[in-house]
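In: sequence first, then the predicted structure:
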Amino acid sequence: MGDLAFISEFPEQASWLEIHQAAFVHNIAVYRNAVDSNVLLGCVLKGNAYGHGFIQCLEIIHGYIDIIFVINPIDAFKVRKYEKENELSQKRIVVLGAISADEVVRCARKVIEVVIGDENWLQILHTLKRSEKDTGNAFRPLKAHIHIDTGLGREGFTTDKIAEKIGFLTKCTDLIHIQGVMSHFSNTEDVTEQAYAYEQLTAFDKAFAQIEKKLALPYPLERHIAQSAASFVLPKSRYEIMRVGIALYGLWPSIETKLSARVVLQELPKLIPVLTWKCMSQSIKQISEGSFIGYGCTYRADRNLRVALLPVGYYDGYPRLLSNKGYVLVNETRCRILGRVMMNHIIVDVTEATSDETSVVATLIGSNGKESISAENLADWSQTINYEIVTRIGSHLKRMVVD
Ligand SMILES: *Cc1c(COP(=O)(O)O)cnc(C)c1O
């Protein structure tokens, strides 16, 4: 794999991530083929692309997907800049998250779509109106999606009297071009029976009909509510656009989703994890029986051991809950973490994995020969979900795109 050649670029021997382009493209193809080829595919790049690296992932997916969803307008501007520098055609971009009035003006100019989910937008509309006067003909109406809260209790207009609540949008059709209506599921990953999701879908359809009637636009509105889990297990929820995050990175939203997908799609699609996390050992040494390892003296060697010091710790996003619990892979062998995970270090037992003190490469997440450690494994061992494991991997670490 040329691991050692690559590390010479990193004299500080920090850990690094390999982002597998072919795996990403494969997962996109799974969506196009196994899930639905008639629905627009949006890729969610929030959270530093689920920890995989925003720019690295943007470069991989740009040619393959229909819409890019980001949380932050700054990321949307980065996409436009990337397109300009590389002379690429502009993809549709939707900013899902909070946005200031000034940013909204920039979004309108750069044809970046936004989401309207509360009445603070009245204020923002005033700013847009002023900027329209300033720029004269250059102004383009802001493309926007209406977010309705169908049961998550997060963003969006609640559905009672929805037509009244969004009435202000009928008064500014020169400023805003309503593109679609969206919502977000609350409980699809946690269950195999989707009663609550169906309630949300019913609320969505009902609110959509009311909005459509109120706005009375001469063109059809887009509907989108499905994230990874729902797009697999609730075909009805796919509508015109799917907003897919975790599954495109090759990770299942949950065991429950995986079980349900097998039933709904007949055949279980094969997702390939996009990310591998590795590091090179900082040093390897012998420890005698009876010695303690790490803060708090929580581990004591019950025999003579060979241990490797690895330059990765909770600062890098490696969970401290893996203390005395997690494993890494060295030379296709599972090596246990000894003692506590520290800020910048862990110590692992390499007695069986290597026979001398020459440096080794350790795999923290990924495969190594027949062995592999998944983000799900780390999540199970540290009482969280794969989403949190990958998004918390430090943005300071090197991410390199590999085939
Ligand atoms: C995070 C998010 C998604 C994607 O969710 P996944 O489970 O990762 O597919 C879609 N829509 C919204 C609004 C989100 O916040």
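Out: Yep, it's here.
In: next, count neighbours for the residue nearest to residue 47 when sequence neighbours are not counted.
Out: Using C-beta to C-beta, 6 or more residues apart in numbering and skipping the chain neighbours, the partner closest in space to residue 47 is residue 391 (4.1 Å). (Each C-beta comes from the backbone N, C-alpha and C, glycine too.) Neighbours of residue 391 under the rule other C-beta atoms under 10 Å: 19.
In: surely residue 391 touches residue 51?
Out: Yes: counting by C-beta atoms under 8 Å, residue 391 touches residue 51, with 4.4 Å between them.
In: any idea how this structure splits into domains?
Out: 35-264, 275-402 (automatic domain parsing).
In: now do the end-to-end distance for the first one.
Out: So that's domain 35-264. One end of domain 35-264 sits 10 Å from the other (C-alpha to C-alpha, to the nearest Å).
In: what pLDDT, on average, does that domain get?
Out: For domain 35-264, mean pLDDT is 94.
In: how about it, does it reach the ligand?
Out: Yes: against the ligand, domain 35-264 shows contacts by C-beta under 6 Å from any ligand atom at 44, 46, 96, 184, 227-229, 243-247, 253.
In: restricting to C-alpha, output the helix or strand residue 79 falls within in PDB.
Out: Assessed by DSSP states H and E, residue 79 sits inside helix 73-85. Written as PDB, here are the backbone C-alpha positions of helix 73-85 (Å, rounded to 0.1, in the frame of the first residue of the first chain):
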ATOM      1  CA  PRO A  73     -23.500  29.400   3.600                       C
ATOM      2  CA  ILE A  74     -19.700  29.600   3.900                       C
ATOM      3  CA  ASP A  75     -19.500  26.100   2.500                       C
ATOM      4  CA  ALA A  76     -21.900  27.000  -0.300                       C
ATOM      5  CA  PHE A  77     -19.600  29.900  -1.300                       C
ATOM      6  CA  LYS A  78     -16.700  27.400  -1.200                       C
ATOM      7  CA  VAL A  79     -18.500  25.200  -3.700                       C
ATOM      8  CA  ARG A  80     -19.100  28.100  -6.100                       C
ATOM      9  CA  LYS A  81     -15.400  29.100  -5.800                       C
ATOM     10  CA  TYR A  82     -14.300  25.600  -6.500                       C
ATOM     11  CA  GLU A  83     -16.500  25.400  -9.500                       C
ATOM     12  CA  LYS A  84     -15.200  28.700 -10.800                       C
ATOM     13  CA  GLU A  85     -11.500  27.800 -10.300                       C
END
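In: quick one: buried residues of it?
Out: For helix 73-85, the neighbour count (16 or more other C-beta atoms under 10 Å) marks 73, 75-80, 83 as buried.
In: most widely separated two among these?
Out: 73 and 83 (15.5 Å; C-beta to C-beta).
In: give me the distance from the helix or strand containing residue 230 to the chain's centre.
Out: Using DSSP H and E, residue 230 sits within helix 228-233. Distance of helix 228-233 from the chain centroid (C-alpha atoms, centre = their mean, to the nearest Å) equals 15 Å.
In: partners of the helix or strand that comes right after that helix, with directions?
Out: Per DSSP H and E, the first helix or strand lying C-terminal to helix 228-233 is strand 241-244. Applying DSSP bridges, strand 241-244 is found paired with strand 40-44 (parallel).
In: if you count contacts, what does the next helix or strand after the partner strand end up packed against?
Out: Per DSSP H and E, the first helix or strand lying C-terminal to strand 40-44 is helix 46-50. Packing partners of helix 46-50 (3 or more C-beta pairs under 8 Å, 6 or more residues apart in numbering; DSSP states H and E): helix 54-61, helix 386-391.
In: for the first one, buried residues please.
Out: Same thing as helix 54-61. Neighbour counts over helix 54-61 (16+ other C-beta under 10 Å) mark 54-58, 60-61 as buried.
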